[in-house]
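> I would like the atomic coordinates for the input below:
(one chain, ligands or ions: 1)
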Amino acid sequence: MNYRPLGRTGWNVSEVSFGAWAIGGSWGVVDDKSSLAALHQAIDSGVNFIDTADVYGMGRSECLIRQLKRERSEQIIVATKSGRRLPSQTVEGYSRENLTSWVDDSLRNLQVDSLDLLQLHCPPTDLYYHPEVFGVLDDLVRAGKLRYYGVSVERLEEALKAIEYPNVQTVQIIFNCFRQRPAEIFFPQAKQKQVGILARVPLASGLLTGKFRRDSQFDPEDHRNFNRHGDAFDVGETFSGVDYELALQAVEEIRPLVPSGMSMAQFALKWILMFDALSCAIPGGKSPEQVRDNCRASDLPSLSSAVMKAVYEIYQNKISPLVHQRW
Ligand SMILES: NC(=O)c1ccc[n+]([C@@H]2O[C@H](COP(=O)([O-])OP(=O)(O)OC[C@H]3O[C@@H](n4cnc5c(N)ncnc54)[C@H](OP(=O)(O)O)[C@@H]3O)[C@@H](O)[C@H]2O)c1
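Prediction:
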């Protein structure tokens, strides 16, 4: 496993880290025993950074991470998020009172005195024009409840606005073979300001592992079933917002590009790691096997420029018209 600096925090994080949404909920049935085994495998594979949120299973994901930390002696940096417990997303909802109470709940779930990294959880675009919210986060850092804070964004424009705030240490954004726009505009600016970038949904909700077919079935409690058209939250979080059938066609165009000895999941992650501006990819994993497969991507050889160009062309021809101007 290779490690990269996380912005200006002084931490070096595993370039393949762990996304802990699926082990909390919204991905069909998951049992805590397998989830803990997946988390242990991540640490065994060299992962030292985990992304979670208060709403992933309403504390379930955070509590599993607390248990993992009790059972391991290695340093594990935990990034959590606040904001999605609001019944509707408004700037006013990100009040001092609410932020403090959400942070206190995460401190309790994780049983720590200070959160390593708190991210605002895809707040409304207008929030980025309200410096007072970032002032509250500064106060929470001063009070010792947070070490650092950052944001998780839907849109690239939000990312660009967020990094105008000097204490925003990280930006989490969807970045994968089907979502290439952040590399064009945002990465150079974040790199220049030494802001850490977390690439979320790196496998396009599993699509880029190449395992799905037209007739693949998803549990009613899995967002790949209930949010395919954005009924519950931003449609971009499910399959990266790409139409399922079209995405399957694009996956078949990517498949022959995968070098022998590499799984498609590893290829998708290696593609992300080719961008040196970012700190880490945070693939979700429900089993030790998935996590082992994903973490191995770090040690595999780089992709050739011909392969990178071919993936870009597939994106340009098939995917970009659907997503490029939207996020
Ligand atoms: N708004 C936000 O801030 C936000 C939104 C989304 C995600 N995130 C963060 O980003 C993380 C990653 O995104 P994500 O979990 O949505 O999507 P993802 O990483 O693209 O996909 C994860 C899913 O793909 C499947 N998978 C993983 N590794 C595999 C492998 N090697 N082989 C086959 N299948 C594999 C698993 O589901 P199955 O086995 O069921 O197929 C897994 O749950 C999340 O866990 C969360 O921490 C944040």
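
> how about the residues of the stretch 51-200 of the chain by the ligand?
Within the stretch 51-200 of the chain, the positions adjacent to the ligand are 51, 81, 121-122, 152, 172, 200 by CB under 6 Å from any ligand atom. Where you see a C-beta, it was placed from the backbone N, CA and C, and this is true even at glycine.

> name every strand pairing with the helix or strand hosting residue 172 and say which way it goes.
Residue 172 belongs to strand 168-174 when elements are defined using DSSP states H and E. Strands adjacent to strand 168-174 in the sheet, as given by DSSP bridges, are strand 146-152 (parallel), strand 196-200 (parallel).

> pLDDT added to the residues of the stretch 51-200 of the chain next to the ligand, as JSON lines?
Formatted as JSON lines, these follow (pLDDT from 0 to 100):
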{"residue": "51", "pLDDT": "98"}
{"residue": "81", "pLDDT": "98"}
{"residue": "121", "pLDDT": "98"}
{"residue": "122", "pLDDT": "98"}
{"residue": "152", "pLDDT": "98"}
{"residue": "172", "pLDDT": "98"}
{"residue": "200", "pLDDT": "98"}
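
> find the closest residue to the ligand in the stretch 1-150 of the chain.
residue 19 (2.4 Å; CB to the nearest ligand atom).

> now for the helix or strand that contains residue 103, which elements pack on it?
Secondary structure assigned from DSSP H and E places residue 103 in helix 96-110. Helix 96-110 sits against helix 60-71, strand 77-82, strand 115-121, helix 131-142, with contacts defined as 3 or more CB pairs under 8 Å, 6 or more residues apart in numbering; DSSP states H and E.

> quick one: which of the ones you listed is nearest residue 12?
strand 77-82 (9.6 Å; CB to CB).

> could you pull up phi and psi at the residue of the stretch 201-327 of the chain at minimum distance from the ligand?
Residue of the stretch 201-327 of the chain nearest the ligand, by CB to the nearest ligand atom: residue 284 (2.7 Å). With angles defined as degrees, to the nearest 10, residue 284 sits at phi -80, psi 150.

> what about the residue nearest to residue 8 when sequence neighbours are not counted, how many residues nearby?
Excluding the flanking residues, the one nearest residue 8 by CB to CB, 6 or more residues apart in numbering is residue 194, at 4.9 Å. Residues contacting residue 194 under the criterion other CB atoms under 10 Å number 13.

> next, residue 194: secondary structure please.
Classification of residue 194 using DSSP: H, G, I helix; E, B strand; the rest coil returns coil.

> my read is that it contacts residue 10, right?
No: look at residue 194 against residue 10 with CB atoms under 8 Å: they stay out of range, at 11.1 Å.

> for residue 20, give me its contacts.
Contacts for residue 20 were tallied using CB atoms under 8 Å, 6 or more residues apart in numbering; they are 39, 50-52, 56, 61, 64-65, 284.

> does the residue most central in space within the chain have any beta-bridge partners, and if so which?
Nearest to the geometric centre of the chain sits residue 200, at 2.6 Å (CA atoms, centre = their mean). According to DSSP bridges, the residues that bridge with residue 200 are residue 174.

> pretty sure it sits against residue 51.
Yes: using CB under 8 Å, residue 200 is in contact with residue 51, at 7.3 Å.

> overlap in contacts of those two?
Joint contacts of residue 200 and residue 51 (CB under 8 Å, 6+ apart) are 19, 172, 282.

> where do the helices sit along this structure?
In the chain, the helices defined using DSSP state H lie at 32-44, 60-71, 96-110, 131-142, 156-162, 181-192, 223-226, 244-254, 264-273, 288-295, 305-314, 320-323.

> just the angle between the second one and helix 96-110, please?
Relative orientation of helix 60-71 with respect to helix 96-110: 50 degrees, computed using axes from the mean of the first three to the mean of the last three CA atoms, to 10 degrees.

> what residues of helix 60-71 count as buried?
Buried residues in helix 60-71, counted by 16 or more other CB atoms under 10 Å: 60-66, 68-69.

> would you format the shared contacts of residue 200 and residue 51 as TSV with distance to residue 259 included?
As requested, the shared contacts of residue 200 and residue 51 are exported to TSV (distance: CB to CB, whole Å):
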residue	distance to residue 259
19	25
172	29
282	24
